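**Student:** sequence unknown, structure follows:
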């Protein structure tokens, strides 16, 4: 079998250069890179990452568990995790838990036996004791604080405050908040705390409607929203805890003959692709998803490099004003 | 280091049972499963998938390259590939090529050195010769026919026919088709062939507008669509080659004071999540994404098992009638 040294000699470069080409590190001219690839092909040299992983005791792979890849929030998160990982020559294994604990456990076991360098968990149902004695750094994003070595969250409370202050400024007199799944304790629950406080401060009538896990899985909230708007016909403001719910709030208003933003104003949460694909475009609370993904990858690499992971990081959110609200 | 046999003895089960628990195969009662897990934890047994891969010469990993994870089409495809792979205890490494050839090449090299069991390629810019002598089965989804060992496509031509026949039935007199990226040869180009034929058959005035790669990357088509509707003010039908373009066609019509479907009727393509999140919901051509993903995974496993992969599979599409069109 041919070796790194054979490739270097034949290509007329140093072993370091060949190694850099293979690992995609440092500056290498396109010409040299091509020469190295050509020689590798010619003499049949194949770097064996699997054999290297065995001696390193871990692979350059990050395992990521999300509930649903198709949810625009998780699709955006995954895309950014992949970019951050790829920049460091790490790869990403993605698992769809569908919020099933048995799936999550199976995936965690799989990550263990595949010796991933770290796990990023964005799925809320797994219990903390699944992770005892795991010996793999675990970063959670928007999960229960009790899980993982490092928790990354956006400032959910401030998101609730910003959204509700904005609806107040837009003149809303009766606001409903469609919150996340009732069964789970999630950092997202704090959006509701901010909402409640601001409504109290201005004396705005308000309602809190929980959404079901079933709705979350299939992204169907339309009936729930319609019913709420029929039960409380004076509602003129909606604070939705996701852009998916906000998009369906536009549909519900339309079905009931209510104009957005003239009759009902809407603020979403997340600022993912659908926020700018619906009509009117959503006013929403932007989560810094790119930064959250980068922090998650950085934390794992830091731990692997012998450094210390932060136990908790809260990132700021911001209000994106678009077409579903109108300031007085 | 403890062995499989140690676990079996201590748990009072056979080695086969322990192996089944670890590989998640066959029926095992929850009680036995828990017992095996407990013993594994107790004696510190860790199945080493990395070592096993070394002897097998390939891993139970499928490498997937998509242009953009955040595009709803690819998010849905990835979700279904993951489910199909997980059902066979395969895992999925996801790479975002962002349509950059250098990224694609880097990812293919990475897949080689990580000895993936197969590659699913959904990204169009990589050239066929990158895959010479690769010795890894490659399945492409909606890519140029020249690439890969097995091509999976939907019936793009029939999609164009169904969409345009429907717009004709809805009474449209002048239809525009917003097609895919001009630079690349893609199976999706055949949607335009079907469109052209049906317009010709009924004598319907028609236009074909290509969209740019830049638009594709950031999913922004709004200005292009608005300009087209201003240049040809008589347009009363739009056949968009993606649901993302169709969603922005609704926005463009709204900005120009045109009602959907009263003044302009719209048919999208894909039937991904945004199709039912916009208002009105999109009439669209449904790609059988779940079946395409399952076929891709099956083809790789078949090849790995010594079987023969189909060289090309074309799956049927169907028309989903919703709110952006209205039959006369």
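**Tutor:** Cool, the structure landed. This structure is a prediction, so every number in the text was calculated from the model and none was measured.

**Student:** phi, psi for the residue nearest the centre of chain A please.
**Tutor:** In chain A, the residue lying closest to the centroid (Cα atoms, centre = their mean) is residue A:77, at 3.4 Å. When read as degrees, to the nearest 10, the backbone of residue A:77 gives phi -60, psi -50.

**Student:** ok, it touching residue A:141?
**Tutor:** Yes. If you go by Cβ atoms under 8 Å, residue A:77 and residue A:141 touch, sitting 6.7 Å apart. (C-beta placed from N, C-alpha, C; glycine too.)

**Student:** domain-wise, how is chain A divided?
**Tutor:** Annotated domains of chain A cover A:4-47, A:54-154+A:289-315, A:156-287 [automatic domain parsing].

**Student:** can you tell me if the second one touches chain B.
**Tutor:** So the one you mean is domain A:54-154+A:289-315. Yes. Counting by Cβ under 8 Å from any Cβ of the partner chain, chain B is contacted by domain A:54-154+A:289-315 at A:54, A:59, A:61, A:68-70, A:72, A:75-76, A:78-79, A:82-83, A:86, A:89, A:91-96, A:103, A:106, A:109-110, A:112-115, A:132-133.

**Student:** so how far is whichever strand or helix holds residue A:16 from its chain's centroid?
**Tutor:** Using DSSP states H and E, residue A:16 falls within helix A:15-23. Relative to its chain's centre, helix A:15-23 lies at 34 Å (Cα atoms, centre = their mean, to the nearest Å).

**Student:** which parts of it are buried?
**Tutor:** By neighbour count on 16 or more other Cβ atoms under 10 Å in any protein chain shown, the buried set for helix A:15-23 is A:17, A:18, A:19, A:20, A:21, A:22.

**Student:** so which of those residues also contact chain B?
**Tutor:** With Cβ under 8 Å from any Cβ as the criterion, the buried residues of helix A:15-23 include residue A:22 near chain B.

**Student:** export the buried residues of helix A:15-23 to JSON lines and tack on pLDDT?
**Tutor:** Below are the buried residues of helix A:15-23 laid out as JSON lines (pLDDT from 0 to 100):
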{"residue": "A:17", "pLDDT": "86"}
{"residue": "A:18", "pLDDT": "84"}
{"residue": "A:19", "pLDDT": "79"}
{"residue": "A:20", "pLDDT": "80"}
{"residue": "A:21", "pLDDT": "79"}
{"residue": "A:22", "pLDDT": "73"}
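
**Student:** low pLDDT regions in chain A?
**Tutor:** Low-confidence segments of chain A (pLDDT under 70): A:1, A:23-25, A:46-57, A:124-133, A:181-184.

**Student:** how about the strands in it?
**Tutor:** All strands of chain A, identified by DSSP state E, fall at A:61-66, A:91-96, A:118-121, A:138-141, A:150-154, A:174-181, A:205-211, A:237-240, A:265-270, A:283-286, A:312-315, A:318-320.

**Student:** got the angle for the longest one vs strand A:265-270?
**Tutor:** On the basis of axes from the mean of the first three to the mean of the last three Cα atoms, to 10 degrees, strand A:174-181 is oriented at 20 degrees to strand A:265-270.

**Student:** who does strand A:174-181 touch, helix- and strand-wise?
**Tutor:** If you count contacts as 3 or more Cβ pairs under 8 Å, 6 or more residues apart in numbering or on different chains; DSSP states H and E, strand A:174-181 packs onto helix A:156-169, helix A:190-202, strand A:205-211, helix A:213-218, helix A:222-231, strand A:237-240.
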